[in-house]
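*Asks:* here's my sequence, what's the structure:
(one chain, ligands or ions: 2)
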Amino acid sequence: MTKNFDVELHNIQKMFGSNVVVDNFNLQVEKGECISFLGPSGCGKTTTLNMIAGFLEPDQGDILIKGKRVNGVHSNKRELGMVFQTYSLFPHMTVQENVAYGLNLKKVAKDEIVRRVKEVLEVVKLPHLGERYPKQLSGGQRQRIAIARALATEPSLLLLDEPLSNLDAKLREELRDELKRLQKEIGVTTIFVTHDQEEALYLSNRIVVLDHGKVEQIGTPLDIYNSPSTEFVHTFIGKSNRMEGRIQSQEENKLTLITDSSFILTGIRRDHSFSTDEKVSIYVRPEKINIATKEFPSKGSNQVSGTVKLTSFLGAYTECEVEVAHHTISVRLQDSHQEVQYKTGEKVYLQWKPEDVFVFSAKE
Ligand SMILES: Nc1ncnc2c1ncn2[C@@H]1O[C@H](COP(=O)(O)OP(=O)(O)O)[C@@H](O)[C@H]1O
Ligand SMILES: [Mg+2]
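*Replies:* Residues are numbered from 1 along each chain as shown. Ligands and ions are numbered 1, 2, ... in the order given. Coordinates of the predicted model:
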C-alpha cells in the first residue's frame, strides 16, 4: 500500500443490522486537499466520517491515515481535529480553556499552550473573546471557536461534519468564506461533510457524491457539474429540466433524441453508450437556455416555443417558467443579459446547445 496519501479508504463497508449504510467506499485524499462528502440526509456521510475519526469501526475494509492502517486505533491517537454541526464546546469552560483542551490532554508545556491559543484565536479572528463562556457567544462565534479548538493541536487531518448547517444564511456564507481562507492558509487536509451542494462546490478540491451509501462520483467541482457520471449526480447538483424520450439515432458523438412530446432534440454522447430506441431521461439546465420573443435564426436543433407561465425575480437572476407542450421548462436569466422582462402569457422561443443536453438511460 502506498504512503503518499493522507487518508485512504479501501473497500470500506458498514452495516447497521441488515442495512448496508456504507458500501465499498474507496478514496485517496492527498495532502492539503479539501474533500467534501456530499449527498442527501441518510446517505452515510457521518457514518463514514465517524469511521475515519475512530468513533465507529468498519465491518470490512481498511482505513489508512498518513500511510498507517488505523483500524482499531483509538480516536485520540489519530491526530484529528473535529467540528460538528451542533456546538460542541464545553459550557463550563471559557473560550481559552476550550481551545486549550486538546493541548492540555497532550501535556503540552504551559507557555506553549498560551502561545498556541493566542495564535489560533487570531487565525479565526476572535482574539478578544478568550475570557468569555460559550453561552456569551453567538452561534457563528461558537463555530469559529470550535474550529479554533480543532486547529489548536495542529492535527494532521481536519474532519468537519456539517459545521455550518445550524447557522442562518448570511452567517453560513461568511463562515464558509472563512473556512476556505483557513484551509488555504493552514493547508490542513480536510474532509468536509455537507448536504449543501453549493458549499461543496465552493470549498472543495474534490467532491465525493454519495447516495444510499454508495459513491456515485468522485471529481473536482467542475467535473461533477459538467461531466456527471450518473443521473443522480446531475440532478443533485444544481437545478435541471427533465424530459423523457428515446434515442432516435446516433452518429459518432451526436445523439438525435425524440421526447415523449415529439420534439426532436440533439445532444452529445459522453461516457454513456446507448442503443437505438432506448428510453432515456434528457436534461438541460435553466442557465443554459436562451429565450427570445422571436424565433432564433438557426432553426435547426433544440428550439421550442412556449408560453410564459411565471416569472420570479431572485436578485442575481430571474427565473422564467415556460410551458412547452406538456412540459414546464425553467429558464434562468442572468441580470446582465436581461434586456427584456417577459410577461405571463407571452409567446417565447427557447433554444439550447447540443453540448448542454445531458442524456441518461431511463430506469424502465
Ligand atoms: N447507530 C446507528 N444505528 C442504526 N442505524 C444508523 C445508526 N447511525 C446511522 N444509522 C443509519 O445509517 C444511515 C446513514 O446515516 P448517516 O451516516 O448519519 O447519514 P448522513 O450523515 O449522510 O445524513 C441512515 O439510514 C441512518 O438512519
Ligand atoms: Mg450526518
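*Asks:* as a check, name the ranges of all helices in the stretch 101-250 of the chain.
*Replies:* 110-123, 139-152, 169-186, 197-203, 221-226, 231-236 (DSSP state H, counting those that start in this stretch).
*Asks:* so who does the residue nearest the centre of the chain touch?
*Replies:* Centroid-nearest residue in the chain: Ala200, 3.0 Å away (criterion: CA atoms, centre = their mean). If a contact means CB atoms under 8 Å, 6 or more residues apart in numbering, then Ala200 has Ser36, Leu38, Phe192, Thr194, Ile207, Pro221 as its contacts. To be clear about C-beta, it is placed using only N, CA and C from the backbone, and glycine gets the same treatment.
*Asks:* surely the fifth one touches Gly39?
*Replies:* No - Ile207 is not in contact with Gly39 according to CB atoms under 8 Å; the separation is 9.8 Å.
*Asks:* tell me the pLDDT at the residue nearest to Leu257 when sequence neighbours are not counted?
*Replies:* Sequence neighbours aside, Leu265 is the residue nearest to Leu257 in space, at 4.5 Å (criterion: CB to CB, 6 or more residues apart in numbering). Note on Leu265: pLDDT of 94.
*Asks:* OK, contacts around Leu265?
*Replies:* Met243, Gly245, Thr256, Leu257, Ile258, Thr259, Ile282, Ser301, Asn302, Val357.
*Asks:* quick one: the fourth one and Arg269 touch, right?
*Replies:* No - between Leu257 and Arg269 there is no contact, the gap being 10.9 Å when judged by CB under 8 Å.
*Asks:* between those two, which has more neighbouring residues?
*Replies:* Leu257 (24 against 15; other CB atoms under 10 Å).
*Asks:* what's next to the helix or strand hosting that one, contact-wise?
*Replies:* In this assignment (DSSP states H and E), Leu257 forms part of strand 254-259. Under the contact criterion CB under 8 Å, 6+ apart, strand 254-259 has outside partners 243-250, 264-269, 274, 280, 282, 354, 357, 359.
*Asks:* can you pull the buried residues of that strand?
*Replies:* Leu255, Thr256, Leu257, Ile258, Thr259 (16 or more other CB atoms under 10 Å).
*Asks:* including distance to ligand 1 and pLDDT, could these go into TSV?
*Replies:* Converted to TSV, the buried residues of strand 254-259 look like this (distance: CB to the nearest ligand atom, whole Å; pLDDT from 0 to 100):
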residue	distance to ligand 1	pLDDT
Leu255	34	94
Thr256	39	95
Leu257	34	96
Ile258	38	95
Thr259	34	93
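*Asks:* now do the shared contacts for Leu257 and Arg269.
*Replies:* Val359.
*Asks:* enumerate the residues of the stretch 1-150 of the chain near ligand 1.
*Replies:* Phe16, Val21, Gly39, Ser41, Gly42, Cys43, Gly44, Lys45, Thr46, Thr47 (CB under 6 Å from any ligand atom).
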